[in-house]
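S.K.: Sequence and predicted structure, then a few things I'm wondering about:
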Amino acid sequence: MKKKTRGRKTGAFLAAAVLTSALWAPAAWAASDLKMSSSVGWDGTFKLEAPTFVGVTIENQGEDLNGRLVVEPANPQNGGNVVSGVYEKEVVLPKGSTKTFQVEVPGGLFYQPVKVVLLDSQGKQLSDSNPSLVPVQDGVLLGGVSEKKDDLNVFSLVTSPSVGGKVTLKWLKNADLPDRAELLQGLDVLTINHAPAEKLTDEQVQTIREWVERGGTLLLSGGASYQGGGSLFQDLSPVKVTGTGKATDLTDLQRYTGIKPSVGELNVSTGSLVADAKVLVKGGSSPLIAERDFGAGHVLYAAYDLGEEPFASWQGNKELWGNVLREADLKPSHMPSQMNGAMRGVDQQMQLISSSQMFRDLLPGYKTSAVVFLGYIVLVGPLLYFVLRRLNRREWGWALIPATAILFTAGTLLFDDGPRSSGTRAQTAAIINLKSDKIAEVSAGSSFLVTKGGTYDVEFKENSFVYPSYLNMSGDSNAEARTVLGDAKPSIQYQNVEYWSLRSSFAQTTLNDQGRIQSDLHIDSSGSLTGQVTNKTKFDLEKVYLLIGNHAYKIDDLPTGKSLQVKQSIQTSASGTAPGISYMEQMFPYGMGVMDQELEQYRSLISYATSPWDLGTAPVQLVGFTKAPLNLYTINEKTVQKDTTLSLVRQVLPLQTDGSTSLPAGLIRPVIFAMDGNVFMSPEGLRMATGSATLEYKLKTSPDYRIDKVTTNFDSAAFAMYDKQIYNFKTGQWVPVAKENTPVITGDLLSQFVSPDGNLRVKFSTTTPQDQFLQYPAVAVEGKVSQ
């Protein structure tokens, strides 16, 4: 009986144990319970050189799920890609639900195959997916929020150089718009055409506004339905819309495109031009197409519905939108072969990371080394010789001399306060673009030198886009680096870090309310740049230069609050420095002797800032350097005590025009309008071998500037080896550069070779297989601003 009782107790205990384990066991998912799909960017469309995201849609027919989404290289060794690490985001998915999640990643991650993995809370893999992707290799990416996909068709045939020869179109639903301005950088243009199917949220409107202020291009249109979409951005619009009507005078479209409109009238929104905007095309007395700069970006306005037929099928749309989008100064994607083998964005970011790895204090300072070396000479020479002679033990010198050398070397390392002491040392190299008084855009490479092994959590400031880099000068790998994303601050967790090793990362973020460089600059009667600049930023600037044309001119340091008078003569492109001498070499020329790592950091930053993709065509820019801390991160929840920063601060300075204004040769930088064959870009000119390049010079400093005379050096002996042609805007034909149109263009020739918008176009061609350097030709302008 006791045995039976004991057996019943044992059975009850086992049953309870089984029941308990069943209750506490984690939920198990069958393969059929979860369905997961993924794509990069917008249905697979994205730009390799910009931040992007992986959209992951999960259908859960199993139990409630708390887990993680992981985006990682398919090859653990990352295939040599310099963009590395895994990217994680926590997900919560109730039973019976379907959700879409966005995991932020750098576009450069997809130079190698990538996979998406879903893990449960215990780290067990539940599902995986290979994301669909179609990267934009050439041209620009235009996204449209509108009622119909067909509204975007007007852009499908645009092939002008202003868009890199191609426009990739993506129709977007409201849910496709990311909630962070950084992720909109994957779009070159965002179009909002009349009332979208769903109203944009306040958060989406604010995100788009921030994106434009940082450099994005927004096109507002819609005609009679403008109020449903474009009105959300009324404070950005070039036109203050007050009503609707009909535009019956469309003759200005023919002037702008050279093609007669296919309709006699259009249904339009009506209103008045705001103070700082300009009209590109008029519809009678009202703006039909207008443009306005907002921060570092552009806002375009079209008074009509882009999808309205039959005007949407007008053959002139190709020329119309090619010309309009040129106003936005877009940066099209290009295959690496067109950019001298470089990958825009990724290669530049690696420059910053490489610069951050140049720890200048890894070696003792020059003064410390000199003092100890002199002491060593005094001790080893006379003193050691005297002592050994008195002891009659000169043979001991064979051991004492090397021993003393070792002791002095150790003393040097201990005496100098370098990274050999305990603790983590960090260094940041950054580019700070002053976009407006409120927004400064920061791109930064940061490196962390650790003296102890283990795990290091690097947490970045809010609204940062970050990734770890595989590029490590120490030979270490960032393969075991987790980038953790979420609603809070992003972080990178470096795992299994060896002692005395280096880890690196890239961060893109913004700083608020950093101020601007105020300037009042104009060209005086002698052709010199004259005026005043005042540092109204929070940065003390040293090693300050004005970049004018192809030349860098040093001015005095600019501490915060200081004003400086400027009086600088301007050299032409064909004089001054030797052809092909970069801004970097002008500012920090190489010399003989030991490489100075500090100068190498300066060179690296200026090389980044003056790359062909980032330099732009602004006649005058100011660059200066600051060592002010940026406080972009903490490590293991602590501020790094030994943290150094070197940043290049950059801002475009506007030119004031009033009355008669002459723009001297060497001031106007051309736009690369088209390239063909073996042509490679540089800030100073082009390298050509069996190819052609078309340059366009924007000669008008303002819409009211009337051009009276243009002088060029197209006939210079420096260009004798090229076939040269100049574009006739009246006939639409290329004609040879000859004495009839060079060096002076004036009178009736202006209407032939200068467009109504003030553009001059010249083409250089060569059939010579040898590489030749084409320095940008110099163009001078004389004219007057109408009152």
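M.R.: Cool, got the structure.
S.K.: May I see the domains of the protein written out as residue ranges?
M.R.: 33-134, 140-332, 365-415, 517-628, 660-785 (automatic domain parsing).
S.K.: show me the contacts for residue 521.
M.R.: 529-533, 566, 620, 653-656 (CB atoms under 8 Å, 6 or more residues apart in numbering). Just so you know, the C-beta spots here come from the backbone N, C-alpha and C atoms, and that holds for glycine as well.
S.K.: before we move on, back to that, comparing the domains of the chain by mean pLDDT, which bottoms out?
M.R.: Within the domains of the chain, the stretch with the lowest mean pLDDT is domain 365-415, showing a mean of 64.
S.K.: returning to what we had before: mind putting the domains of the chain in CSV, distance to residue 356 included?
M.R.: What follows is the domains of the chain, written out as CSV (distance: least, CB to CB, whole Å):
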stretch, distance to residue 356
domain 33-134, 14
domain 140-332, 20
domain 365-415, 20
domain 517-628, 9
domain 660-785, 23
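S.K.: Looking at these, which is nearest to residue 437?
M.R.: domain 517-628 (8.2 Å; CB to CB).
S.K.: And the closest one, end to end?
M.R.: 17 Å (CA to CA, to the nearest Å).
S.K.: Now name the helix or strand holding residue 58.
M.R.: strand 51-60 (DSSP states H and E).
S.K.: before we move on, back to that, relative to residue 482, which of the domains of the chain is closest?
M.R.: domain 33-134 (5.4 Å).
S.K.: What is the strand holding residue 58 packed up against?
M.R.: Here strand 51-60 touches strand 34-40, strand 86-93, strand 98-106, strand 114-120, going by 3 or more CB pairs under 8 Å, 6 or more residues apart in numbering; DSSP states H and E.
S.K.: Which of those sits closest to residue 230?
M.R.: strand 98-106 (26.2 Å).
S.K.: what comes up buried for that closest one?
M.R.: If you call a residue buried by 16 or more other CB atoms under 10 Å, then strand 98-106 has these buried ones: 101-106.
S.K.: got the contact list for that strand?
M.R.: Contacts for strand 98-106 (CB under 8 Å, 6+ apart): 40, 51-60, 69, 71, 83, 87-89, 91, 93, 114, 116, 175, 178, 180, 182-183, 346, 465, 467, 485, 490, 506.
S.K.: for stretch 602-610, same thing?
M.R.: 348, 351-352, 354-355, 358, 429, 431, 543, 547, 582-584, 587-588, 614-615, 623, 625, 646-648, 650, 683.
S.K.: run the last query once more with 7 Å
M.R.: Taking contacts as CB atoms under 7 Å, 6 or more residues apart in numbering, the residues outside stretch 602-610 that touch it are 348, 351-352, 354-355, 429, 431, 543, 583-584, 587-588, 623, 625, 648, 650, 683.
S.K.: So which of those sit within strands?
M.R.: Using DSSP state E, the members of those that fall within strands are 429, 431, 543, 623, 625, 648, 650.
S.K.: out of those, which is most surrounded?
M.R.: residue 429 (27 neighbours; other CB atoms under 10 Å).
S.K.: So residue 463 sits against residue 508, correct?
M.R.: No: between residue 463 and residue 508 there is no contact under CB atoms under 7 Å: 9.6 Å.
S.K.: Who has more neighbours out of those two?
M.R.: Legend: neighbour count by other CB under 10 Å for residue 463 and residue 508, higher for residue 508 (21 against 15).
S.K.: buried set for the strand or helix carrying residue 246?
M.R.: Assigned by DSSP H and E, residue 246 falls within strand 239-247. Neighbour counts over strand 239-247 (16+ other CB under 10 Å) mark 239, 241, 244-245, 247 as buried.
S.K.: nearest to residue 666, of the residues you listed?
M.R.: Taking CB to CB as the measure, residue 666 sits nearest to residue 239 out of the buried residues of strand 239-247, at 36.7 Å.
S.K.: residue contacts, that closest one?
M.R.: Residues near residue 239 by CB under 7 Å, 6+ apart: 271-274, 287, 290, 301.
S.K.: How about residue 91?
M.R.: Applying CB under 7 Å, 6+ apart, the residues near residue 91 are 67-69, 101.
S.K.: and stretch 737-749, how far apart are its ends?
M.R.: Stretch 737-749: ends 13 Å apart by CA to CA.
S.K.: Over to stretch 277-296?
M.R.: 14 Å.
S.K.: which parts of that stretch are buried?
M.R.: Neighbour-count burial for stretch 277-296 [16+ other CB under 10 Å]: 277, 279-284, 286-296.
S.K.: On the pLDDT front, check residue 514 for me.
M.R.: Reading off the model, residue 514 has pLDDT 94.
S.K.: whoops, I mixed them up, residue 23
M.R.: Value for residue 23, per-residue pLDDT: 41.
S.K.: so who does residue 660 touch?
M.R.: residue 784.
S.K.: quick one on the thing from earlier: can the buried residues of strand 98-106 go into TSV with extra columns for distance to residue 740?
M.R.: As requested, these are arranged in TSV below (distance: CB to CB, whole Å):
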residue	distance to residue 740
101	65
102	59
103	61
104	57
105	56
106	52
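S.K.: for this protein, what spans make up the helices?
M.R.: Under the criterion DSSP state H, the chain contains helices at 2-24, 202-214, 251-257, 317-326, 346-356, 366-378, 384-391, 397-415, 583-587, 597-609, 748-753.
S.K.: what about the fifth one, distance to the chain center?
M.R.: Put simply, helix 346-356 sits 12 Å off its chain's centre (CA atoms, centre = their mean, to the nearest Å).
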